[in-house]
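K.L.:
have a look; sequence and predicted model below, questions after that.
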Amino acid sequence: MKRTSLLRKYILEDSILVMPGAHDALTARIVEQAGFKAVTIGGYSASASLLGQPDLSFLTLTEMVDCIHRIVDVVDIPVFADGDTGHGGVLNVRRTVKEIERAGAAGMFIEDQVFPKRCGHMLDKQVIEKQEMIAKVKAAVDARVDDDFVIMARTDALAVNGLEDAVERANLFRQAGADLLFVEAPASVEQMRAITAQVDAPTLANNIEGGKSPLLSGTELEEIGYSVVVFPVAATYAVAKVVGDLMTEIAANGTTAGFSNKMVSFEEFNRLIGLDRLRSLERSYFQS
């Protein structure tokens with residue numbers, strides 16, 4: 001089955017789809033080997049990994065597409081990608097969809113923030129007018145080649161205009177053709193229940209450690225009514241913490257010996273990245 005069809009199937013299943021986030025090909029490979037059905041790549045983590053910068057629209061479309069392509073190339077599971085604001089107006093949205101789909105992603109989302117956008121859990125967000133975002137959703141749906149390529153529409157209106165406007169926007173985006181809806185940054189379980197009850201489409205929950213929303217398990221979010229949950233920055237935060245601790249260890253002791261129990265071994269890492277398979281393939285070309 002195509003990866004686009006798989007992603008669509010997982011979203012529509014009764015059980016919630018759990019998608020951890022990866023910020024590069026290595027973390028994507030780890031997600032797949034852990035047994036997850038799909039992986040997501042967000043602009044927040046990609047900006048941190050590729051640029052060492054916060055999620056403030058510094059990352060270009062071509063940089064993001066290159067990151068997506070590298071991830072798609074090393075995993076067999078569906079990859080769900082971040083299209084930010086579509087990188088411009090409706091014609092830019094069309095190009096964004098075409099480039100991300102061509103890179104091999106199984107789906108993507110666009111959002112209704114004013115450019116330059118910022119992480120959905122940051123302060124001082126602004127959103128574009130409803131009709132402008134409806135036009136962007138229509139352009140995104142029209143631009144995809146594979147009808148199973150999943151288009152998600154995200155609204156950040158809850159923090160700007162309140163819950164009623166956010167739900168109204170989500171339903172309008174559904175009518176415009178979005179397959180999946182994402183109302184960003186609900187501040188309570190009560191708001192989450194209102195979103196899933198009032199939005200007439202599959203919905204996505206966003207688990208951001210230290211963010212504005214309650215950090216709930218997949219089981220809890222499924223009970224609330226969500227179809228998908230992402231953990232887009234957890235791996236990035238974990239890497240930042242562990243590498244920081246490692247540098248402290250080296251600076252203090254001049255060696256990594258005391259840190260070895262927190263690291264994979266040389267052989268374990270080679271297995272993780274598939275060295276044996278590639279060396280076997282290499283040898284096969286020399287056999288008569």
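P.N.:
Sure thing, it's come through.
K.L.:
distance from the helix or strand encompassing Leu281 to the middle of the chain?
P.N.:
Element membership for Leu281 (DSSP states H and E) is helix 275-284. Offset of helix 275-284 from its chain centre (CA atoms, centre = their mean, to the nearest Å): 32 Å.
K.L.:
just stretch 137-153 next, same as before
P.N.:
Counting by CA atoms, centre = their mean, stretch 137-153 comes out at 17 Å from the chain centroid.
K.L.:
over to stretch 134-147?
P.N.:
The answer for stretch 134-147 is 19 Å, by CA atoms, centre = their mean.
K.L.:
now do the buried residues in that stretch.
P.N.:
134-141, 143-144 (16 or more other CB atoms under 10 Å). No exception for glycine: its C-beta is placed from N, CA and C like everyone else's.
K.L.:
repeat that for stretch 55-74.
P.N.:
55, 57, 59, 61, 64-65, 67-69, 71-72.
K.L.:
now Thr236. Nearest residue, chain neighbours left out?
P.N.:
Of all residues not flanking Thr236 in the chain, Ser45 sits nearest, at 4.3 Å (CB to CB, 6 or more residues apart in numbering).
K.L.:
thinking again about what came up before, and for the helix holding Leu281, what's in contact with it?
P.N.:
For helix 275-284, contacts defined as CB atoms under 8 Å, 6 or more residues apart in numbering pick out Asn270.
K.L.:
measure Glu168 to Ala159 for me?
P.N.:
As defined by CB to CB, to the nearest Å, Glu168 lies at a distance of 15 Å from Ala159.
K.L.:
for Lys125, grab the count of nearby residues.
P.N.:
Lys125 has 21 neighbouring residues, counting by other CB atoms under 10 Å.
K.L.:
in helices only, show me the buried residues of stretch 55-74.
P.N.:
61, 64-65, 67-69, 71-72 (DSSP state H).
K.L.:
now tabulate those in CSV and tack on pLDDT and distance to Leu180.
P.N.:
Shown next, in CSV, are these (pLDDT from 0 to 100; distance: CB to CB, whole Å):
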residue, pLDDT, distance to Leu180
Leu61, 96, 21
Met64, 97, 19
Val65, 98, 21
Cys67, 97, 21
Ile68, 98, 18
His69, 97, 22
Ile71, 98, 20
Val72, 98, 19
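K.L.:
circling back: among the buried residues of stretch 55-74, which one sits closest to Met1?
P.N.:
Val72 (15.9 Å; CB to CB).
K.L.:
the closest one touches Glu101, doesn't it?
P.N.:
No. Counting by CB atoms under 8 Å, Val72 does not reach Glu101; the two are 10.8 Å apart.
K.L.:
of all the residues in the biggest helix by length in the chain, which ones are buried?
P.N.:
Of all segments of type helix in the chain, defined using DSSP H, the longest is helix 234-253. By 16+ other CB under 10 Å, the buried positions in helix 234-253 come out as 235-237, 239, 249.
K.L.:
return the alpha-carbon coordinates of the helix or strand harbouring Glu164 using CSV.
P.N.:
Here Glu164 is covered by helix 163-175, with elements defined by DSSP H and E. Extracted C-alpha coordinates of helix 163-175, given in CSV (Å, rounded to 0.1, in the frame of the first residue of the first chain):
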residue,chain,number,x,y,z
LEU,A,163,-12.4,29.0,20.9
GLU,A,164,-15.5,29.8,19.0
ASP,A,165,-13.6,31.4,16.1
ALA,A,166,-11.1,28.6,16.1
VAL,A,167,-13.8,25.9,15.8
GLU,A,168,-15.5,27.9,13.1
ARG,A,169,-12.3,28.2,11.1
ALA,A,170,-11.6,24.5,11.5
ASN,A,171,-15.0,23.6,10.1
LEU,A,172,-14.6,26.0,7.2
PHE,A,173,-11.3,24.5,6.4
ARG,A,174,-12.9,21.1,6.4
GLN,A,175,-15.5,22.3,3.9
